[in-house]
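Engineer: predicted model and sequence below, questions to follow.
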Amino acid sequence: MSIATNNIAFNVEEIRKDFPILERKVNGYPLVYLDNAATSQTPQQVIDVIVNYYSNYNANIHRGVHSLSQEATDKYEAARIKIQHHFNVKKAHEIIFTSGTTHGINLVASGFASILKKGDEILVSALEHHSNIVPWQMLCEKTGAILKVIPMNEQGELIYESFEKLLSEKTKIVFLNHVSNALGTINPIKKIIDKAHTKGAAVLIDGAQAAPHIKADLQALDVDFYVVSAHKMYGPTGVGVLYGKEEWLNKLPPYQGGGEMIATVSFEKTTYAELPHKFEAGTPNICGGIAFAAAIDYIDSIGFETIARYEQELLNYATIKLNEIEGMKFYGTSREKTAVISFNIEGLHPYDIGTLLDKMGIAVRTGHHCAQPIMDFYKIPGTVRASFSFYNTKAEIDRLIEAVKKAKSMLA
Ligand code: C6P
(Lines give C-alpha, C1' and ligand atoms only; values in the text may rest on other atoms or scores of the structure.)
Protein backbone atom coordinates (compact mmCIF):
# COMPACT_ATOMS: atom_id res chain seq x y z
CA MET A 1 0.00 0.00 0.00
CA SER A 2 1.31 3.40 -0.85
CA ILE A 3 -0.15 6.80 0.02
CA ALA A 4 0.83 10.11 -1.47
CA THR A 5 1.74 12.88 0.93
CA ASN A 6 3.15 16.37 0.33
CA ASN A 7 6.03 15.23 -1.76
CA ILE A 8 7.04 11.88 -0.35
CA ALA A 9 5.32 8.66 -1.34
CA PHE A 10 4.98 6.55 1.79
CA ASN A 11 5.40 2.90 0.91
CA VAL A 12 4.59 0.71 3.89
CA GLU A 13 6.18 -2.38 2.34
CA GLU A 14 9.48 -0.52 2.05
CA ILE A 15 9.16 0.75 5.63
CA ARG A 16 8.51 -2.77 6.90
CA LYS A 17 11.85 -3.92 5.52
CA ASP A 18 13.53 -1.67 8.09
CA PHE A 19 12.07 -3.75 10.96
CA PRO A 20 13.66 -7.21 11.08
CA ILE A 21 11.29 -8.45 13.80
CA LEU A 22 8.32 -8.08 11.45
CA GLU A 23 9.73 -11.01 9.46
CA ARG A 24 9.33 -13.48 12.27
CA LYS A 25 6.63 -16.03 12.91
CA VAL A 26 4.76 -16.49 16.15
CA ASN A 27 2.98 -19.78 16.81
CA GLY A 28 3.46 -20.70 13.17
CA TYR A 29 1.91 -17.48 11.79
CA PRO A 30 3.59 -14.34 10.46
CA LEU A 31 3.67 -11.90 13.36
CA VAL A 32 1.04 -9.15 13.41
CA TYR A 33 2.35 -6.70 15.96
CA LEU A 34 -0.44 -4.51 17.34
CA ASP A 35 1.00 -3.74 20.77
CA ASN A 36 2.81 -0.56 19.78
CA ALA A 37 1.45 1.43 22.72
CA ALA A 38 3.29 -0.97 25.05
CA THR A 39 6.52 -0.72 23.09
CA SER A 40 7.31 -0.02 19.47
CA GLN A 41 9.65 -2.12 17.33
CA THR A 42 13.15 -0.98 16.45
CA PRO A 43 14.33 -0.27 12.90
CA GLN A 44 17.64 -1.61 11.59
CA GLN A 45 18.97 1.97 11.46
CA VAL A 46 18.67 2.19 15.27
CA ILE A 47 19.92 -1.38 15.84
CA ASP A 48 23.01 -0.46 13.77
CA VAL A 49 23.72 2.51 16.03
CA ILE A 50 23.53 0.25 19.10
CA VAL A 51 25.85 -2.35 17.54
CA ASN A 52 28.25 0.37 16.42
CA TYR A 53 28.39 1.86 19.91
CA TYR A 54 29.32 -1.43 21.58
CA SER A 55 31.60 -2.47 18.71
CA ASN A 56 33.55 0.78 18.40
CA TYR A 57 33.32 3.39 21.14
CA ASN A 58 31.81 1.99 24.33
CA ALA A 59 33.22 4.13 27.16
CA ASN A 60 32.07 6.06 30.19
CA ILE A 61 31.29 9.70 29.52
CA HIS A 62 32.18 13.09 31.00
CA ARG A 63 35.13 11.62 32.91
CA GLY A 64 37.85 10.18 30.68
CA VAL A 65 40.54 12.10 28.85
CA HIS A 66 40.95 9.20 26.47
CA SER A 67 39.60 9.26 22.93
CA LEU A 68 36.83 6.69 23.35
CA SER A 69 35.40 8.55 26.30
CA GLN A 70 35.53 11.79 24.36
CA GLU A 71 33.82 10.18 21.38
CA ALA A 72 31.06 8.70 23.51
CA THR A 73 30.61 12.01 25.37
CA ASP A 74 30.34 13.95 22.10
CA LYS A 75 27.75 11.56 20.68
CA TYR A 76 25.73 11.54 23.92
CA GLU A 77 25.68 15.33 24.14
CA ALA A 78 24.84 15.55 20.43
CA ALA A 79 21.89 13.25 21.17
CA ARG A 80 20.71 15.65 23.87
CA ILE A 81 20.80 18.48 21.35
CA LYS A 82 18.94 16.43 18.75
CA ILE A 83 16.20 15.73 21.31
CA GLN A 84 16.19 19.41 22.34
CA HIS A 85 15.58 20.48 18.74
CA HIS A 86 13.01 17.75 18.14
CA PHE A 87 10.85 19.08 20.97
CA ASN A 88 11.75 22.71 20.25
CA VAL A 89 13.25 23.25 23.68
CA LYS A 90 15.09 26.51 24.36
CA LYS A 91 18.16 25.18 26.19
CA ALA A 92 19.91 21.82 25.96
CA HIS A 93 20.27 21.63 29.74
CA GLU A 94 16.49 21.62 30.07
CA ILE A 95 16.64 18.07 28.67
CA ILE A 96 17.38 15.54 31.43
CA PHE A 97 18.12 11.98 30.42
CA THR A 98 16.10 9.47 32.45
CA SER A 99 15.40 5.76 32.27
CA GLY A 100 11.93 6.55 30.91
CA THR A 101 8.62 8.26 31.59
CA THR A 102 8.15 6.64 35.00
CA HIS A 103 11.55 7.87 36.16
CA GLY A 104 10.84 11.41 34.89
CA ILE A 105 7.52 11.67 36.72
CA ASN A 106 9.00 10.29 39.96
CA LEU A 107 11.84 12.81 39.73
CA VAL A 108 9.40 15.73 39.54
CA ALA A 109 6.93 14.37 42.11
CA SER A 110 9.71 13.69 44.58
CA GLY A 111 11.11 17.22 44.02
CA PHE A 112 7.74 18.78 44.77
CA ALA A 113 7.98 17.40 48.32
CA SER A 114 10.17 20.41 49.08
CA ILE A 115 7.63 22.83 47.56
CA LEU A 116 4.22 21.61 48.73
CA LYS A 117 2.72 22.11 52.13
CA LYS A 118 -0.26 20.61 53.91
CA GLY A 119 -3.54 21.59 52.27
CA ASP A 120 -2.03 22.44 48.88
CA GLU A 121 -3.88 20.80 46.03
CA ILE A 122 -2.70 18.87 42.99
CA LEU A 123 -4.91 17.89 40.06
CA VAL A 124 -4.73 14.65 38.12
CA SER A 125 -6.86 13.55 35.19
CA ALA A 126 -9.05 10.46 35.37
CA LEU A 127 -7.28 9.14 32.26
CA GLU A 128 -3.86 8.51 33.75
CA HIS A 129 -1.46 5.61 33.61
CA HIS A 130 -0.46 4.41 37.10
CA SER A 131 2.94 6.06 36.55
CA ASN A 132 1.22 9.43 36.67
CA ILE A 133 -0.93 8.61 39.71
CA VAL A 134 1.10 6.65 42.24
CA PRO A 135 4.13 9.01 42.55
CA TRP A 136 1.73 11.88 43.29
CA GLN A 137 -0.19 9.84 45.86
CA MET A 138 3.14 9.11 47.54
CA LEU A 139 3.88 12.85 47.46
CA CYS A 140 0.52 13.61 49.11
CA GLU A 141 1.24 11.08 51.86
CA LYS A 142 4.57 12.79 52.50
CA THR A 143 3.37 16.39 52.41
CA GLY A 144 -0.32 16.40 53.37
CA ALA A 145 -1.22 17.84 49.95
CA ILE A 146 -4.61 16.86 48.50
CA LEU A 147 -5.05 14.96 45.23
CA LYS A 148 -8.13 15.94 43.20
CA VAL A 149 -9.33 14.16 40.07
CA ILE A 150 -10.53 15.80 36.84
CA PRO A 151 -13.36 13.47 35.73
CA MET A 152 -13.92 11.96 32.28
CA ASN A 153 -17.05 11.31 30.24
CA GLU A 154 -18.33 8.15 28.57
CA GLN A 155 -16.35 8.89 25.37
CA GLY A 156 -13.14 8.89 27.40
CA GLU A 157 -12.63 12.66 27.27
CA LEU A 158 -11.72 14.92 30.14
CA ILE A 159 -14.53 17.20 31.30
CA TYR A 160 -12.91 20.60 30.86
CA GLU A 161 -15.59 22.47 32.84
CA SER A 162 -14.86 20.25 35.85
CA PHE A 163 -11.17 21.06 35.52
CA GLU A 164 -12.01 24.79 35.57
CA LYS A 165 -14.07 24.29 38.73
CA LEU A 166 -11.38 22.24 40.50
CA LEU A 167 -8.58 24.66 39.62
CA SER A 168 -7.91 27.32 42.26
CA GLU A 169 -5.14 29.34 43.91
CA LYS A 170 -4.55 26.24 46.07
CA THR A 171 -3.59 24.18 42.98
CA LYS A 172 0.19 23.83 42.76
CA ILE A 173 0.57 21.35 39.94
CA VAL A 174 -1.67 19.73 37.31
CA PHE A 175 -0.51 16.50 35.70
CA LEU A 176 -2.07 14.59 32.86
CA ASN A 177 -1.17 12.72 29.75
CA HIS A 178 -1.06 14.17 26.27
CA VAL A 179 -2.58 10.93 24.96
CA SER A 180 -4.26 8.20 27.01
CA ASN A 181 -2.54 4.83 26.69
CA ALA A 182 -5.71 2.84 27.37
CA LEU A 183 -8.09 4.76 25.08
CA GLY A 184 -5.98 6.85 22.69
CA THR A 185 -7.78 10.10 23.64
CA ILE A 186 -5.76 13.20 22.76
CA ASN A 187 -6.20 15.69 25.59
CA PRO A 188 -6.56 19.46 24.99
CA ILE A 189 -3.28 20.11 26.76
CA LYS A 190 -2.63 23.63 25.47
CA LYS A 191 -5.97 24.84 26.83
CA ILE A 192 -5.28 23.12 30.16
CA ILE A 193 -1.72 24.48 30.45
CA ASP A 194 -2.84 28.06 29.73
CA LYS A 195 -5.70 27.85 32.21
CA ALA A 196 -3.53 26.28 34.94
CA HIS A 197 -0.99 29.07 34.51
CA THR A 198 -3.63 31.72 35.22
CA LYS A 199 -3.69 30.33 38.79
CA GLY A 200 0.08 29.95 39.01
CA ALA A 201 -0.02 26.14 38.88
CA ALA A 202 2.74 24.18 37.13
CA VAL A 203 1.78 21.54 34.56
CA LEU A 204 3.44 18.19 33.90
CA ILE A 205 2.45 16.42 30.70
CA ASP A 206 3.09 12.70 30.30
CA GLY A 207 3.95 12.53 26.62
CA ALA A 208 4.72 8.79 26.53
CA GLN A 209 1.86 7.92 24.15
CA ALA A 210 1.89 11.16 22.19
CA ALA A 211 5.56 11.26 21.25
CA PRO A 212 5.40 8.51 18.59
CA HIS A 213 2.46 10.21 16.86
CA ILE A 214 2.54 13.94 17.53
CA LYS A 215 5.50 16.30 17.36
CA ALA A 216 5.11 18.43 20.48
CA ASP A 217 6.51 21.97 20.37
CA LEU A 218 7.30 22.48 24.05
CA GLN A 219 7.98 26.21 23.82
CA ALA A 220 4.69 26.81 22.02
CA LEU A 221 2.89 24.68 24.60
CA ASP A 222 4.60 26.63 27.39
CA VAL A 223 4.51 23.43 29.44
CA ASP A 224 6.56 23.20 32.65
CA PHE A 225 7.48 19.51 32.43
CA TYR A 226 7.10 16.94 29.62
CA VAL A 227 8.20 13.32 29.88
CA VAL A 228 8.70 10.59 27.27
CA SER A 229 10.21 7.10 26.82
CA ALA A 230 12.42 6.21 23.85
CA HIS A 231 11.06 2.68 23.57
CA LYS A 232 7.66 3.95 22.42
CA MET A 233 9.42 6.05 19.75
CA TYR A 234 11.22 3.21 17.93
CA GLY A 235 14.23 3.56 20.23
CA PRO A 236 15.61 1.24 22.93
CA THR A 237 14.16 0.49 26.37
CA GLY A 238 15.65 2.00 29.53
CA VAL A 239 16.02 5.56 28.30
CA GLY A 240 13.81 8.62 28.05
CA VAL A 241 13.85 12.30 28.80
CA LEU A 242 12.35 14.76 31.18
CA TYR A 243 11.99 18.28 29.83
CA GLY A 244 11.74 20.89 32.56
CA LYS A 245 11.72 24.66 32.31
CA GLU A 246 15.04 25.93 33.61
CA GLU A 247 13.48 27.87 36.47
CA TRP A 248 11.62 24.78 37.68
CA LEU A 249 14.64 22.49 37.38
CA ASN A 250 16.64 25.01 39.41
CA LYS A 251 13.94 25.06 42.07
CA LEU A 252 13.74 21.28 42.48
CA PRO A 253 16.31 19.47 44.63
CA PRO A 254 18.39 16.62 43.13
CA TYR A 255 16.53 13.33 42.90
CA GLN A 256 19.41 10.93 43.47
CA GLY A 257 22.88 11.48 44.88
CA GLY A 258 26.04 10.02 43.39
CA GLY A 259 28.72 10.56 40.80
CA GLU A 260 28.18 13.08 37.99
CA MET A 261 25.61 15.20 39.86
CA ILE A 262 28.09 16.98 42.15
CA ALA A 263 30.32 20.04 41.86
CA THR A 264 32.40 19.34 45.00
CA VAL A 265 32.18 16.69 47.72
CA SER A 266 33.64 16.68 51.20
CA PHE A 267 32.38 15.06 54.39
CA GLU A 268 31.35 18.50 55.60
CA LYS A 269 29.45 19.66 52.53
CA THR A 270 28.57 18.68 48.99
CA THR A 271 27.62 21.13 46.27
CA TYR A 272 25.66 20.11 43.22
CA ALA A 273 26.48 20.28 39.54
CA GLU A 274 24.71 22.63 37.16
CA LEU A 275 21.84 21.46 34.97
CA PRO A 276 21.42 18.94 33.44
CA HIS A 277 23.97 16.95 35.50
CA LYS A 278 22.31 17.80 38.81
CA PHE A 279 19.61 15.26 37.88
CA GLU A 280 21.82 12.70 36.17
CA ALA A 281 23.52 10.78 38.98
CA GLY A 282 25.59 7.74 38.06
CA THR A 283 26.56 6.28 34.69
CA PRO A 284 23.64 6.86 32.35
CA ASN A 285 22.32 4.69 29.55
CA ILE A 286 24.88 6.13 27.12
CA CYS A 287 24.15 3.84 24.21
CA GLY A 288 20.41 4.28 24.84
CA GLY A 289 20.64 8.07 24.64
CA ILE A 290 22.58 7.92 21.38
CA ALA A 291 20.18 5.37 19.92
CA PHE A 292 17.22 7.51 21.02
CA ALA A 293 18.55 10.31 18.80
CA ALA A 294 18.87 7.82 15.92
CA ALA A 295 15.23 6.83 16.44
CA ILE A 296 14.22 10.48 16.17
CA ASP A 297 16.17 10.72 12.91
CA TYR A 298 14.29 7.67 11.70
CA ILE A 299 10.86 9.11 12.56
CA ASP A 300 11.81 12.41 10.95
CA SER A 301 12.85 10.61 7.78
CA ILE A 302 9.20 9.58 7.39
CA GLY A 303 7.69 12.74 8.87
CA PHE A 304 4.98 13.23 11.48
CA GLU A 305 2.42 14.46 8.98
CA THR A 306 2.80 11.31 6.92
CA ILE A 307 2.71 9.13 10.01
CA ALA A 308 -0.44 10.79 11.36
CA ARG A 309 -2.25 10.57 8.05
CA TYR A 310 -1.40 6.91 7.51
CA GLU A 311 -2.14 5.86 11.09
CA GLN A 312 -5.52 7.64 11.01
CA GLU A 313 -6.32 5.70 7.85
CA LEU A 314 -5.52 2.46 9.69
CA LEU A 315 -7.58 3.58 12.67
CA ASN A 316 -10.63 4.36 10.52
CA TYR A 317 -10.35 1.10 8.62
CA ALA A 318 -9.98 -1.01 11.78
CA THR A 319 -12.80 0.82 13.57
CA ILE A 320 -15.26 0.25 10.71
CA LYS A 321 -14.29 -3.42 10.30
CA LEU A 322 -14.27 -4.29 14.00
CA ASN A 323 -17.60 -2.56 14.45
CA GLU A 324 -19.18 -5.08 12.08
CA ILE A 325 -18.54 -7.87 14.61
CA GLU A 326 -21.64 -8.57 16.69
CA GLY A 327 -21.29 -7.78 20.41
CA MET A 328 -18.38 -5.37 19.78
CA LYS A 329 -18.05 -2.53 22.28
CA PHE A 330 -15.43 0.20 21.97
CA TYR A 331 -13.98 2.15 24.89
CA GLY A 332 -12.64 5.60 24.11
CA THR A 333 -14.53 7.14 21.24
CA SER A 334 -13.16 10.66 21.41
CA ARG A 335 -13.06 12.49 18.09
CA GLU A 336 -9.45 13.37 18.79
CA LYS A 337 -7.58 10.11 19.19
CA THR A 338 -4.47 8.28 18.10
CA ALA A 339 -4.52 4.88 16.43
CA VAL A 340 -5.55 2.86 19.48
CA ILE A 341 -8.68 0.73 19.74
CA SER A 342 -9.75 -0.63 23.11
CA PHE A 343 -12.61 -3.09 22.88
CA ASN A 344 -14.53 -5.96 24.41
CA ILE A 345 -16.94 -8.47 22.99
CA GLU A 346 -20.11 -9.01 24.96
CA GLY A 347 -19.88 -12.01 27.25
CA LEU A 348 -16.17 -12.68 26.64
CA HIS A 349 -13.18 -11.97 28.84
CA PRO A 350 -10.49 -9.80 27.18
CA TYR A 351 -7.76 -12.11 28.44
CA ASP A 352 -9.32 -15.10 26.63
CA ILE A 353 -9.55 -13.15 23.38
CA GLY A 354 -5.94 -11.95 23.70
CA THR A 355 -4.68 -15.47 24.37
CA LEU A 356 -6.42 -16.86 21.29
CA LEU A 357 -5.19 -13.97 19.14
CA ASP A 358 -1.64 -14.79 20.22
CA LYS A 359 -2.16 -18.39 19.13
CA MET A 360 -2.88 -16.93 15.68
CA GLY A 361 0.29 -14.79 15.70
CA ILE A 362 -1.38 -11.52 16.68
CA ALA A 363 0.10 -9.46 19.51
CA VAL A 364 -2.34 -7.16 21.36
CA ARG A 365 -2.43 -6.10 24.98
CA THR A 366 -5.22 -7.21 27.29
CA GLY A 367 -6.10 -6.16 30.83
CA HIS A 368 -6.26 -2.82 32.62
CA HIS A 369 -3.28 -1.32 30.73
CA CYS A 370 -1.88 0.12 33.99
CA ALA A 371 -4.92 2.42 34.05
CA GLN A 372 -7.22 0.76 36.57
CA PRO A 373 -9.27 3.91 37.31
CA ILE A 374 -10.37 3.98 33.65
CA MET A 375 -11.50 0.35 33.87
CA ASP A 376 -13.33 1.15 37.13
CA PHE A 377 -15.10 4.03 35.37
CA TYR A 378 -16.42 1.64 32.72
CA LYS A 379 -16.99 -1.11 35.36
CA ILE A 380 -14.96 -3.66 33.40
CA PRO A 381 -11.93 -5.77 34.33
CA GLY A 382 -10.04 -4.71 31.21
CA THR A 383 -10.12 -4.46 27.44
CA VAL A 384 -8.38 -5.85 24.39
CA ARG A 385 -6.17 -3.06 23.04
CA ALA A 386 -4.92 -2.97 19.47
CA SER A 387 -2.47 -0.12 18.96
CA PHE A 388 -1.18 0.67 15.49
CA SER A 389 2.02 2.01 14.04
CA PHE A 390 3.05 3.25 10.60
CA TYR A 391 4.48 -0.18 9.79
CA ASN A 392 1.12 -1.91 10.17
CA THR A 393 -1.06 -2.62 7.14
CA LYS A 394 -4.70 -3.04 6.25
CA ALA A 395 -3.92 -6.69 5.47
CA GLU A 396 -2.80 -7.10 9.08
CA ILE A 397 -6.03 -5.50 10.26
CA ASP A 398 -7.94 -8.01 8.14
CA ARG A 399 -6.03 -10.77 9.94
CA LEU A 400 -6.99 -9.21 13.27
CA ILE A 401 -10.67 -9.14 12.26
CA GLU A 402 -10.66 -12.77 11.11
CA ALA A 403 -8.85 -13.83 14.27
CA VAL A 404 -11.30 -11.96 16.53
CA LYS A 405 -14.21 -13.63 14.72
CA LYS A 406 -12.56 -17.02 15.12
CA ALA A 407 -11.82 -16.40 18.80
CA LYS A 408 -15.42 -15.35 19.30
CA SER A 409 -16.79 -18.54 17.74
CA MET A 410 -14.35 -20.67 19.78
CA LEU A 411 -15.29 -18.99 23.07
CA ALA A 412 -19.05 -18.79 22.47
N1 C6P B 1 2.49 2.31 28.93
C2 C6P B 1 1.27 0.51 27.86
O3 C6P B 1 1.15 -0.65 27.47
P4 C6P B 1 7.62 3.60 30.97
O5 C6P B 1 7.27 2.21 31.42
O6 C6P B 1 8.23 4.39 32.09
O7 C6P B 1 8.39 3.64 29.71
O8 C6P B 1 6.22 4.29 30.59
C9 C6P B 1 5.18 4.35 31.53
C10 C6P B 1 3.99 5.01 30.92
C11 C6P B 1 3.63 6.25 31.36
N12 C6P B 1 2.62 6.93 30.82
C13 C6P B 1 1.89 6.41 29.80
C14 C6P B 1 0.78 7.23 29.20
C15 C6P B 1 2.19 5.14 29.33
O16 C6P B 1 1.48 4.63 28.33
C17 C6P B 1 3.26 4.41 29.91
C18 C6P B 1 3.58 3.01 29.45
C19 C6P B 1 2.62 0.99 28.36
O20 C6P B 1 0.34 1.30 27.81
C21 C6P B 1 3.25 -0.02 29.28
S22 C6P B 1 2.44 -0.14 30.83
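Structural biologist: In hand now; what should we look at?
Engineer: care to break the protein down by domain?
Structural biologist: 2-39+303-411, 48-300 (automatic domain parsing).
Engineer: now mean neighbour count and mean pLDDT too, for those, in CSV please.
Structural biologist: Where you see a C-beta, it was placed from the backbone N, CA and C, and this is true even at glycine. What follows is the domains of the chain, written out as CSV (neighbours: other Cβ atoms under 10 Å; pLDDT from 0 to 100):
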stretch, mean neighbour count, mean pLDDT
domain 2-39+303-411, 18, 95
domain 48-300, 19, 98
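Engineer: skip the chain neighbours and tell me the closest residue to Lys118.
Structural biologist: Gly144 (3.3 Å; Cβ to Cβ, 6 or more residues apart in numbering).
Engineer: how close does whatever residue of the stretch 301-412 of the chain ends up closest to the ligand sit to Ile341?
Structural biologist: Going by Cβ to the nearest ligand atom, the ligand is nearest to Cys370 of the stretch 301-412 of the chain, at 4.1 Å. The spacing between Cys370 and Ile341, counted by Cβ to Cβ, to the nearest Å, is 18 Å.
Engineer: please identify the helix or strand for Val203.
Structural biologist: strand 202-206 (DSSP states H and E).
Engineer: how about the residues of the stretch 301-412 of the chain by the ligand?
Structural biologist: Contact residues (Cβ under 6 Å from any ligand atom) of the stretch 301-412 of the chain with the ligand: 365, 369-370.
Engineer: hmm, 8 Å instead?
Structural biologist: Proximity of the stretch 301-412 of the chain to the ligand (Cβ under 8 Å from any ligand atom) is limited to residues 365, 369-371, 385, 387.
Engineer: closest one of these to Val179?
Structural biologist: Nearest to Val179, judged by Cβ to Cβ, of these is Ser387 at 10.6 Å.
Engineer: now do the helices in the stretch 201-350 of the chain.
Structural biologist: 218-221, 246-251, 286-302, 304-323, 350-359 (DSSP state H, counting those that start in this stretch).
Engineer: and those helices: which comes nearest Asn106?
Structural biologist: Asn106 lies closest to helix 246-251 among the helices of the stretch 201-350 of the chain, at 15.0 Å (Cβ to Cβ).
Engineer: and the closest one, how far out from the chain middle?
Structural biologist: 23 Å (Cα atoms, centre = their mean, to the nearest Å).
Engineer: could you do stretch 271-280 as well?
Structural biologist: Worked out by Cα atoms, centre = their mean, stretch 271-280 lies 25 Å from the chain centre.
Engineer: use 21 as the first number for this chain going forward.
Structural biologist: Noted, 21 is the first residue going forward, which turns the last one into stretch 291-300.
Engineer: what about it, start to end distance?
Structural biologist: Using Cα to Cα, to the nearest Å, one end of stretch 291-300 lies 14 Å from the other.
Engineer: how about the residue nearest to Arg385 when sequence neighbours are not counted, secondary structure?
Structural biologist: Of all residues not flanking Arg385 in the chain, Arg405 sits nearest, at 4.7 Å (Cβ to Cβ, 6+ apart). Following DSSP: H, G, I helix; E, B strand; the rest coil, the label given to Arg405 is strand.
Engineer: check the gap between Tyr73 and His233 for me.
Structural biologist: Counting by Cβ to Cβ, the gap from Tyr73 to His233 is 27 Å.
Engineer: skipping adjacent residues, who's closest to the residue nearest the centre of the chain in space?
Structural biologist: For the chain, the residue sitting closest to the mean C-alpha position, by Cα atoms, centre = their mean, is Ala228 at 1.1 Å. Distances taken as Cβ to Cβ, 6+ apart put Thr121 closest to Ala228, at 4.2 Å, once the chain neighbours are dropped.
Engineer: pop out the phi and psi values for that neighbour.
Structural biologist: Thr121 adopts backbone torsions of phi -60, psi -50, taken as degrees, to the nearest 10.
Engineer: now do Val194
Structural biologist: Taking degrees, to the nearest 10 as the convention, Val194 sits at phi -120, psi 130.
Engineer: repeat that for Gly302.
Structural biologist: According to degrees, to the nearest 10, Gly302 has phi 80, psi 170.
Engineer: list the contacts for it?
Structural biologist: Contacts for Gly302 (Cβ atoms under 8 Å, 6 or more residues apart in numbering) come out as 276, 278-280.
Engineer: and what of Cys160?
Structural biologist: With Cβ under 8 Å, 6+ apart, Cys160 has these contacts: 142, 166-167.
Engineer: what about 10 Å?
Structural biologist: Listed by Cβ atoms under 10 Å, 6 or more residues apart in numbering, the contact set of Cys160 reads 129, 133, 136, 138, 140-142, 166-167.
Engineer: what are the boundaries of the strands in the stretch 21-170 of the chain?
Structural biologist: For the stretch 21-170 of the chain, applying DSSP state E, counting those that start in this stretch gives strands covering 22-24, 29-31, 45-46, 49-50, 52-53, 115-118, 141-145, 166-170.
Engineer: make JSON lines from those and add distance to Ile306 to it.
Structural biologist: Listed next are the strands of the stretch 21-170 of the chain as JSON lines, based on distance: least, Cβ to Cβ, whole Å:
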{"stretch": "strand 22-24", "distance to Ile306": "38"}
{"stretch": "strand 29-31", "distance to Ile306": "33"}
{"stretch": "strand 45-46", "distance to Ile306": "32"}
{"stretch": "strand 49-50", "distance to Ile306": "35"}
{"stretch": "strand 52-53", "distance to Ile306": "28"}
{"stretch": "strand 115-118", "distance to Ile306": "9"}
{"stretch": "strand 141-145", "distance to Ile306": "34"}
{"stretch": "strand 166-170", "distance to Ile306": "36"}
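Engineer: appreciated, that's everything.
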